[in-house]
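A.B. asks: could you work out the structure for the sequence below:
(chains A and B)
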Amino acid sequence: MIRFIVADLRKYWLGSTVVVLIVALAVALGVAVTLQERALRLGSARAADKFDLVIGAAGSENQLVLSSVFLQASPLPLMDGHVLAKLAADPRVAWAAPIGFGDSFTGYPIVGTTTALVHNLADGLAEGQVFAREGEAVIGSGVALKLGDVIKPMHGSAEEGGHTHTELAYHVAGRLRPTGTAWDRAILVPIEAVWDIHGMSDHEEAEAEPDHDHEAAADEHEHHADADAAITETWDADVPGLPAILVKPKTIADAYKLRQEYRAGATQAVFPAEILTRLYATLGDAKRVLFAVAIGSQVLVAASLLLVTVMHVAQRRRQIGALRAFGAPRGALLAIVWLELFVLVAIGIATGFGVGYAAAMVISQAVVDGSGVAMPVGFAREDIGFAVTLLGFSALIASVPAILAYRQSPASALRG
Amino acid sequence: MLSLELADISVTFPGLAAPVLAIERLSIPAGGRVAITGASGSGKSTFVNIVTGLERTHRGRIDWSGTDLNRLAESGRDRWRAAHVGLVMQDFHLFAGLSALENTLLPARLARAASAEIVERAHYLLQRTGVQRPEQRIETMSRGEMQRVAVARALLRKPGVVIADEPTASLDIESGEAVGSLLLELADQEQTTLVVVSHDKRLTDRLRRKITFDLGRIVGDTGLMEQAA
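C.D. replies: As a prediction, this is how the structure comes out:
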């Protein structure tokens, strides 16, 4: 029987190949959508993993999370610098690190922060050492620079027509291990250096939005910045305004208490994971739409398959009739027609899973290259259910022509 | 060897006033050598379908050595036909992509009846019918060779009756002669009843009894004359 099916498929190899391809493409679409959605969810959740609590000035929660976790540049309102001093002294806080954005270098965002974050962001350094002076920088694993390279910070980004700072150039002192987050593409520098460059330190009064006024100011006078100045990381009440502080609370209870405390008034405190969950809910709707499209395409494919196979059986009435006339039992013919179609569809489904997986990998790689956020593509238990459903459905589809073949009268088939 | 008793057979098709086949009585003894002739549309094909159980009548009796096909359900008739009838058809109905041997064995394999003994018999029958290379793909064979493979297939399961429907009609004269001889020789050797439907006079003249059909009725039967004489 197997030999007969193989010979038959070889005879109709072109049609068989087309059937396999159509099924594979339809399945690949559904698989890619599922895998990519999952990769996005896992990848961004993992990216937010390091950041238990983010505190910023009152404003958009989404923007605060996107800027701090995913380093998506957007002008954040600044909060009073003394918040940092208060947090640093708080016994419920394991560590608190300010972050300041705004500059970039050849497309990589430069983030001003403290050694606390550098120590806690990744599992240590891959090479070199943590910055100790204002003129030193630590780069993420995905930054295409070498130790000792010179970084000339550019205000804003080249695309926005930013200008290059002349006050200070950083030297790469160390490189972090990979984290699979957007921070792999970041250049970490001492926040004091950022303040110096932008004329915010040395008790120069931080204006309401110094970042915005800065461009004009920079053209007028050079700010003082000393590359060799040792960083101190002692916070007094005169710390300039800050866009965000990453906080690692000691316990979960502390996290909730801290959030409660800094939620009110001029500051806001968010759990990035919570904000992301809310964003996924929105994404979830998009996924449902995409998935509906994928299902729709599969239904179309199933319908066209039915058409093809019913025609196929009609063309082979004589062959099927003859086999019965020569004594092949009806059950065997049912099995042949069913198996032949089911094998084709099953190959198509398997290929579709492979193609869908490959497509999701390609998309994920593109995301990693663009944002640094690792998007882990992988099958999960629920995919087995999807595969089984597809197989069950194709088994059902395949039985239609099989039953047609089973029911036709051999005598009339031979006549026709 | 099987004998056939037909009684009260009447096959009508909707829309046709006259029955396409009407036989009051017909008896073919075991080991008979019968030719069925007649113009096209005379009911020969319907006769083949009825006596092989491919089609059923709703009245009358089709009794093969005690088995009345009209009393069997469709799958029962399929099983009976597989075990007792060797069919040879004008269009061979061999399957491209399979070898001569695989074609010979296909119906038996699908019916899960291909024992080692049957496989050995397939080899023997192909040799006996003069098929030189049993492993040769069927589509590369000549029409004469194809029909010889079909004869081997028909005899594989030692049928009690061989029914050949225009076995020579799609062959040249020489191949037709050879296949005709083969059918007669093997029917003797394998001891089966032989029914050949044909309008090839060279073939029908070689059979002992000739039944002629016209418009669904028997209009001539040399066997009856013999019995009468």
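
A.B. asks: going by C-alpha atoms from here, please, whenever you check contacts or count neighbours.
C.D. replies: Will do.

A.B. asks: what's the longest helix in chain B?
C.D. replies: The longest helix of chain B (DSSP state H) is helix B:173-190.

A.B. asks: and the next helix or strand after that one, what does it pack onto?
C.D. replies: As assigned by DSSP states H and E, the chain's next helix or strand after helix B:173-190 is strand B:193-197. When contacts are defined as 3 or more CA pairs under 8 Å, 6 or more residues apart in numbering or on different chains; DSSP states H and E, strand B:193-197 packs onto strand B:33-38, strand B:161-165, helix B:173-190.

A.B. asks: would you list the strands that strand B:193-197 pairs with, along with their directions?
C.D. replies: According to DSSP bridges, strand B:193-197 forms sheet pairs with strand B:33-38 (parallel), strand B:161-165 (parallel).

A.B. asks: what is the mean pLDDT for the longest one?
C.D. replies: Over the span of strand B:33-38, the pLDDT mean works out to 94.

A.B. asks: can you report phi and psi for the residue of the stretch 251-400 of chain A found nearest chain B?
C.D. replies: Per CA to the nearest CA, the residue of the stretch 251-400 of chain A with the smallest distance to chain B is residue A:327, at 3.8 Å. Note on residue A:327: backbone dihedrals following degrees, to the nearest 10 are phi 110, psi 10.

A.B. asks: pull the contacting residues for the residue lying closest to it once chain neighbours are set aside.
C.D. replies: Closest residue to residue A:327 in three dimensions, ignoring its sequence neighbours and counting by CA to CA, 6 or more residues apart in numbering or on different chains: residue B:82, at 3.8 Å. By CA atoms under 8 Å, 6 or more residues apart in numbering or on different chains, residue B:82 lies in contact with A:325-328.

A.B. asks: also residue A:324?
C.D. replies: So residue A:324 contacts A:330, A:333, A:410, B:78 (CA under 8 Å, 6+ apart).

A.B. asks: so what pLDDT did the last one get?
C.D. replies: Residue B:78 is assigned 89 on the pLDDT scale.

A.B. asks: so it, which of the three states?
C.D. replies: Of the three states, residue B:78 takes helix according to DSSP: H, G, I helix; E, B strand; the rest coil.

A.B. asks: returning to what we had before: mean neighbour count added to the helices and strands packed on strand B:193-197, as JSON lines?
C.D. replies: Shown next, in JSON lines, are those (neighbours: other CA atoms under 10 Å in any protein chain shown):
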{"stretch": "strand B:33-38", "mean neighbour count": "24"}
{"stretch": "strand B:161-165", "mean neighbour count": "25"}
{"stretch": "helix B:173-190", "mean neighbour count": "17"}
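
A.B. asks: so which of the ones you listed gets nearest residue A:187?
C.D. replies: strand B:161-165 (88.2 Å; CA to CA).

A.B. asks: tell me what angle that closest one forms with helix B:173-190.
C.D. replies: Going by axes from the mean of the first three to the mean of the last three CA atoms, to 10 degrees, strand B:161-165 is angled at 170 degrees with respect to helix B:173-190.

A.B. asks: rewinding a little: from the contacts of residue A:324, which land in helices?
C.D. replies: Short answer: the contacts of residue A:324 in helices (DSSP H) are A:330, A:333, A:410, B:78.

A.B. asks: hmm, which of those residues is lowest in pLDDT?
C.D. replies: Among the ones in helices among the contacts of residue A:324, pLDDT bottoms out at residue A:410, giving 80.

A.B. asks: who's in contact with it?
C.D. replies: Counting by CA under 8 Å, 6+ apart, residue A:410 touches A:318, A:320-322, A:324-325, B:54-55.

A.B. asks: got the residue ranges for the strands in chain B?
C.D. replies: For chain B, applying DSSP state E gives strands covering B:4-11, B:21-28, B:33-38, B:61-64, B:67-68, B:85-89, B:161-165, B:193-197, B:209-214, B:217-221.

A.B. asks: output the lowest mean pLDDT helix or strand found in the chain.
C.D. replies: All of this is about chain A. Among the helices and strands of chain A, helix A:210-220 carries the lowest confidence by mean pLDDT, DSSP states H and E, at a mean of 44.

A.B. asks: sorry, back to before: and the contacts of residue A:324 as TSV, adding distance to residue A:88?
C.D. replies: Converted to TSV, the contacts of residue A:324 look like this (distance: CA to CA, whole Å):
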residue	distance to residue A:88
A:330	82
A:333	79
A:410	89
B:78	90
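
A.B. asks: from the residues you listed, list just the buried residues.
C.D. replies: A:330, A:333, A:410, B:78 (16 or more other CA atoms under 10 Å in any protein chain shown).

A.B. asks: tell me the secondary structure at the nearest residue to residue A:150 once chain neighbours are set aside.
C.D. replies: Spatial nearest neighbour of residue A:150, chain neighbours left out: residue A:171 (4.7 Å); criterion: CA to CA, 6+ apart. Assigned by three-state DSSP, the conformation of residue A:171 is strand.

A.B. asks: name whatever forms a beta bridge with residue A:171.
C.D. replies: Counting by DSSP bridges, the residues bridging with residue A:171 are residue A:136, residue A:150.

A.B. asks: report pLDDT for it.
C.D. replies: pLDDT for residue A:171: 89.

A.B. asks: burial check on residue B:152, number of neighbours?
C.D. replies: By other CA atoms under 10 Å in any protein chain shown, the residues close to residue B:152 number 32.

A.B. asks: let me fix that, I meant to ask about residue A:308.
C.D. replies: By other CA under 10 Å, 15 other residues sit near residue A:308.

A.B. asks: so which strand or helix has it?
C.D. replies: Secondary structure from DSSP H and E places residue A:308 in helix A:272-315.

A.B. asks: how far is that helix from where the chain is centred?
C.D. replies: Here helix A:272-315 is found 21 Å from its chain centre; the criterion is CA atoms, centre = their mean, to the nearest Å.

A.B. asks: contact partners for residue A:163?
C.D. replies: Residue A:163 touches A:154-156, counting by CA under 8 Å, 6+ apart.

A.B. asks: find me the pLDDT at the residue in chain B positioned nearest to chain A, would you?
C.D. replies: When scored by CA to the nearest CA, chain B has residue B:82 as its residue closest to chain A, at 3.8 Å. Model confidence at residue B:82, given as pLDDT, is 91.

A.B. asks: next, the contact list for residue 171, please.
C.D. replies: As the question left the chain open, I've gone with chain A. A:135-137, A:147-151.

A.B. asks: chain B was what I was after
C.D. replies: Residue B:171 touches B:143-144, counting by CA under 8 Å, 6+ apart.

A.B. asks: tell me the spacing between it and residue B:92.
C.D. replies: 11 Å (CA to CA, to the nearest Å).

A.B. asks: check residue A:5 too.
C.D. replies: Counting by CA to CA, the gap from residue A:5 to residue B:92 is 20 Å.

A.B. asks: residue A:327 and residue A:99: what is the separation?
C.D. replies: 82 Å.

A.B. asks: again, but for residue A:407
C.D. replies: For residue A:407, the distance to residue A:99 - CA to CA - is 75 Å.

A.B. asks: compare the two (neighbour count), which wins?
C.D. replies: residue A:99 (22 against 11).

A.B. asks: is it true that that one touches residue A:247?
C.D. replies: No. The criterion here is CA atoms under 8 Å, and residue A:99 misses it with residue A:247 at 10.8 Å.

A.B. asks: in chain A, which spans are helices?
C.D. replies: Using DSSP H, helices in chain A cover A:2-11, A:13-48, A:61-69, A:82-89, A:115-121, A:191-197, A:210-220, A:252-263, A:272-315, A:317-325, A:330-371, A:381-407, A:410-415.

A.B. asks: so which residues on chain A come close to chain B?
C.D. replies: Counting by CA under 8 Å from any CA of the partner chain, chain A comes close to chain B at A:1, A:3-4, A:7-8, A:10-11, A:319, A:322-330, A:332, A:409-411.
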